[in-house]
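A.B. asks: Show me how the following folds:
(2 chains)
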There are 2 protein chains.
Amino acid sequence: MKTKVRYAVMGLGHIAQTAVLPAFAHARASSTLAALISSDATKLRALGRRYGVDRLYSYEQFDECLESGAVDAVYVALPNHLHAEYTIRAAQHGIHVLCEKPMAVTEKDCRAMIRACERNDVRLMIAYRLHFEKANLSTIRLVQSGKIGEPRLFNSVFTMDVREGDIRLRQETGGGTLYDIGIYCINAARYLFRDEPIEVLGVSARRDTKRFAEVEEMFSATLRFSGDRVANLICSFGASDCAEYRLVGTKGHVRLEPAYEYAMELKQYLTTGGEPRELVFAKRDQFAPELAYFSDCVQRGVEPEPSGWEGLADVRIIEALYRSADKKKAVALAPFEKSHRPSEQQEIHRPPVNRPPEAVKSKPPSKS
Amino acid sequence: MKTKVRYAVMGLGHIAQTAVLPAFAHARASSTLAALISSDATKLRALGRRYGVDRLYSYEQFDECLESGAVDAVYVALPNHLHAEYTIRAAQHGIHVLCEKPMAVTEKDCRAMIRACERNDVRLMIAYRLHFEKANLSTIRLVQSGKIGEPRLFNSVFTMDVREGDIRLRQETGGGTLYDIGIYCINAARYLFRDEPIEVLGVSARRDTKRFAEVEEMFSATLRFSGDRVANLICSFGASDCAEYRLVGTKGHVRLEPAYEYAMELKQYLTTGGEPRELVFAKRDQFAPELAYFSDCVQRGVEPEPSGWEGLADVRIIEALYRSADKKKAVALAPFEKSHRPSEQQEIHRPPVNRPPEAVKSKPPSKS
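C.D. replies: Numbers count the residues shown, from 1 in each chain, chains lettered A, B, ... in the order given. Prediction:
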């Protein structure tokens, strides 16, 4: 099958409006935007008009959408706590799923999602956009080339100042720093070390108990990997924007800043033998590559990577970290096998979305 | 008394030879190098000749040196586990003490040192060179000016690749990453937050069990301060040189890299309102200011800052961190009052030591 994959995009929040919907223009060879699903009729009307989409559905009409015969895949950009339910329902209707990260709030839900997609023979991919992004993938290659020697420690800071009332600050919808931004640091540690942690330790903190009544303001985490490599990260919803990681090896170190952003250029700073070197990676569309790749997997009937197992790998670490912070002690992780790791072969280039469209009834998460 | 303060420098390892001894040339208005104390007769002879010092003593002749009438103060650059004993003995002879950090290996020893110096009415200072250094002090001022808003989190990476056999890798001499380099990160978190941590959590790791048979290869630490501010640091003796910290506030962030070095220029990177700004602080002699300041305190009979209490404040945190790593759980710290904090008023400028002298029978700690 080489016909285009027809997507329903579900959940029309900030990321869907500013990044996912515009990305279809850069994935048009294989992917079309066929339907929109939202609880908000105003958004549906306005965005349907903007993108020329006339299949507009409420959450209650989800099954109707799946059964319409006009949709092959659903892009799940819902609040985190709804990922599992709607992924499973889509799978049960034979519809493929490209699901935003975090995959779900619990490992249990992740497993149910994987099972449902396997049973119904549909593709499941978790939207780790950096697995297709050049700065991160070239950092992986650089590390694997031995340029910085053996990687020994990873350190990351990821912070933003989230506005009061943002969904990220709500417990019941799966909010919290680790699910939203810490997951980038955890995922980066995993793709740079190419391994899974065996023990984790976390500390959470909050000062402003009004804004952070339901989820922590910040979280500091230490992850121990095999070979006694250590990843250390701190993320916050209550500080100015910063997104950086550094990997220190026996012969040098490499730093990315910004490391995780999609709306600007990324920079890589390498130091070997005391000599610094700087590389700039121009801004690019990080969402279209996901659509193009996922459509290709659907068309060819192959399992995508980042898979559900990749999503689960992060979620189980996040759950362990919150447990650790609650108990104020280290939590061991069960062995977890993951043979596939992101590599430069996965890079897909698309030009940047230069003027992101104006969002309809949606605010960016950050104050700045 | 405005006569020059006459120092005996005790312990002629790398730091004494490459930094402390040459610094006397930049502190000559108030300080003279009057004696050398070492267990190594070759070093004594060679360095005595180099600096025109004829009072040369072995450790066994320490009391003789103190009683010679030719020495007012001793600069203790001994292995960490000997700081307490020789500080106390000097105090008992009415000799002032400028002691390298870490002040001692245990809080108990720190308290005994403070007590001995108080009882004998001698000055005691701990050699925190960055308390006189411009890049760090101007970062303190910048933070206090409110430029980055309220400081919420501190993150630091300090790594070096210590050669096998180095004293830092020996347990009985008070080795370990926290005592040697982690102390800089802890001290920086304290002078930037201007507070003491109330709870700490540590993780230690080691892979190469030959090189790191006695002390850990690396240590990741999280310190919780009042107002739920968090400091996160990772230090290593088994990775390439890196020395950085970042303080993230509600309105911006500031980063120093290198942050802790004495043999090169330091750089400050400030980001506010998304705009980056870079400041370079030229290389300078960071040791002569300590001598000049301490001599002034001795001459005027005033208590120096960084005091013994400043030294103790770090050591008690380090002990708590090692306890935490052993128990794999958080350790609470008792309240600790410290009213004095480093500020820009303490800055003392001295020109750089451009060609550090060749060391006699002493290797730098790092392989690189």
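A.B. asks: I'd like the distance between A:Thr209 and A:Ala221.
C.D. replies: Shown here: A:Thr209 relative to A:Ala221, a distance of 22 Å by Cβ to Cβ, to the nearest Å. For glycine as for every other residue, the C-beta is placed from the backbone atoms N, C-alpha and C.
A.B. asks: For the stretch 101-250 of chain A, which segments count as strands?
C.D. replies: Secondary structure of the stretch 101-250 of chain A, counting by DSSP state E, counting those that start in this stretch: strands at A:124-126, A:151-161, A:197-205, A:218-225, A:229-236, A:238-249.
A.B. asks: And the contacts of the third one?
C.D. replies: I take that to be strand A:197-205. A:189-190, A:216-226, A:231, A:317, A:320-322, A:324-325, A:329-333, A:335, B:201, B:203, B:222, B:224, B:228-230, B:328, B:330 (Cβ atoms under 8 Å, 6 or more residues apart in numbering or on different chains).
A.B. asks: do stretch A:262-278 as well
C.D. replies: Residues outside stretch A:262-278 that contact it (Cβ under 8 Å, 6+ apart) are A:19, A:129, A:133, A:135-136, A:138-139, A:142, A:147-148, A:251-259, A:279-283, A:286-287, A:356, B:240-242, B:368.
A.B. asks: rerun at 6 Å
C.D. replies: With contacts defined as Cβ atoms under 6 Å, 6 or more residues apart in numbering or on different chains, stretch A:262-278 is touched by A:135, A:252-258, A:279-283, A:286.
A.B. asks: Which pLDDT does the model give A:Ser339?
C.D. replies: On the pLDDT scale, A:Ser339 is placed at 89.
A.B. asks: With the one 4 residues further on instead?
C.D. replies: Reading off the confidence values, A:Ser343 has pLDDT 95.
A.B. asks: With A:Lys2 instead?
C.D. replies: A:Lys2 is assigned 65 on the pLDDT scale.
A.B. asks: need the residues of the stretch 201-350 of chain A near chain B, please.
C.D. replies: Within the stretch 201-350 of chain A, the positions lying close to chain B (Cβ under 6 Å from any Cβ of the partner chain) are A:201, A:203, A:205-207, A:218, A:220, A:222, A:227-228, A:230, A:232, A:234, A:236, A:238-240, A:242, A:248, A:251-253, A:328-330.
A.B. asks: Of the contacts of stretch A:262-278, which qualify as buried by neighbour count?
C.D. replies: Among the contacts of stretch A:262-278, those buried by neighbour count (16 or more other Cβ atoms under 10 Å in any protein chain shown) are A:135, A:252-258, A:279, A:281, A:283, A:286.
A.B. asks: if we can go back for a sec, for PyMOL, write the select line for the buried members of the residues of the stretch 201-350 of chain A next to chain B.
C.D. replies: Buried residues within these, by 16+ other Cβ under 10 Å, are selected in PyMOL with:
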select buried, chain A and resi 201+203+205+206+218+220+222+228+230+232+234+236+238+239+240+242+248+251+252+253+328+329+330
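A.B. asks: what pairs with the closest residue to A:Cys242 other than its chain neighbours across the strands?
C.D. replies: Of all residues not flanking A:Cys242 in the chain, A:Thr159 sits nearest, at 4.7 Å (Cβ to Cβ, 6 or more residues apart in numbering or on different chains). When bridges are called by DSSP bridges, A:Thr159 pairs up with A:Ser236, A:Cys242.
A.B. asks: Now do the same contact list for A:Thr159.
C.D. replies: A:Thr159 neighbours (Cβ under 6 Å, 6+ apart): A:236, A:239, A:242, B:248.
A.B. asks: Any stretches of chain A with poor pLDDT?
C.D. replies: Counting by pLDDT under 70, chain A contains low-confidence ranges at A:1-2, A:368.
A.B. asks: longest helix anywhere in it?
C.D. replies: Assignment by DSSP state H gives helix A:308-327 as the longest helix of chain A.
A.B. asks: by contact count, what packs against whichever helix or strand comes after it?
C.D. replies: Note on helix A:308-327: by DSSP states H and E, the next helix or strand toward the C-terminus is strand A:331-332. Applying 3 or more Cβ pairs under 6 Å, 6 or more residues apart in numbering or on different chains; DSSP states H and E, one finds that strand A:331-332 contacts helix A:308-327.
A.B. asks: Repeat the analysis, applying 7 Å as the threshold.
C.D. replies: For strand A:331-332, the elements it packs on are strand A:197-205, helix A:308-327, judged by 3 or more Cβ pairs under 7 Å, 6 or more residues apart in numbering or on different chains; DSSP states H and E.
A.B. asks: before we move on, back to that, how about JSON lines for the contacts of stretch A:262-278, with secondary structure added?
C.D. replies: Formatted as JSON lines, these follow (DSSP: H, G, I helix; E, B strand; the rest coil):
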{"residue": "A:Ala135", "secondary structure": "helix"}
{"residue": "A:Gly252", "secondary structure": "strand"}
{"residue": "A:His253", "secondary structure": "strand"}
{"residue": "A:Val254", "secondary structure": "strand"}
{"residue": "A:Arg255", "secondary structure": "strand"}
{"residue": "A:Leu256", "secondary structure": "strand"}
{"residue": "A:Glu257", "secondary structure": "coil"}
{"residue": "A:Pro258", "secondary structure": "coil"}
{"residue": "A:Leu279", "secondary structure": "strand"}
{"residue": "A:Val280", "secondary structure": "strand"}
{"residue": "A:Phe281", "secondary structure": "strand"}
{"residue": "A:Ala282", "secondary structure": "coil"}
{"residue": "A:Lys283", "secondary structure": "coil"}
{"residue": "A:Gln286", "secondary structure": "coil"}
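A.B. asks: Closest to A:Asn80 out of those residues?
C.D. replies: In terms of Cβ to Cβ, no member of these lies closer to A:Asn80 than A:Gln286, at 19.7 Å.
A.B. asks: Relative to chain B, how far out is the closest one?
C.D. replies: Applying Cβ to the nearest Cβ, to the nearest Å, the value for A:Gln286 to chain B is 20 Å.
A.B. asks: pretty sure that residue contacts A:Glu133?
C.D. replies: Yes. The pair A:Gln286 / A:Glu133 is scored as a contact, 5.4 Å apart, by Cβ atoms under 7 Å.
A.B. asks: what about the closest residue to A:Ala19 other than its chain neighbours, neighbour count?
C.D. replies: Excluding the flanking residues, the one nearest A:Ala19 by Cβ to Cβ, 6+ apart is A:Phe287, at 4.8 Å. For A:Phe287, the neighbour count with other Cβ atoms under 10 Å in any protein chain shown is 26.
A.B. asks: again, but for the one 10 residues further on
C.D. replies: Each residue near A:Cys297 was counted by other Cβ under 10 Å, and the total is 20.
A.B. asks: show me what contacts it?
C.D. replies: A:123, A:125, A:303-304 (Cβ atoms under 7 Å, 6 or more residues apart in numbering or on different chains).
A.B. asks: Now the two most distant members of these.
C.D. replies: Largest pairwise distance in the contacts of A:Cys297, by Cβ to Cβ, is 8.7 Å, between A:Met125 and A:Glu303.
A.B. asks: what about those two, which has more around it?
C.D. replies: Each of A:Met125 and A:Glu303 has its neighbours counted (other Cβ under 10 Å); A:Met125 has more, 26 against 14.
A.B. asks: My read is that A:Ala77 contacts A:Ala8, right?
C.D. replies: No. At 10.8 Å, A:Ala77 does not count as touching A:Ala8 under the criterion of Cβ under 7 Å.
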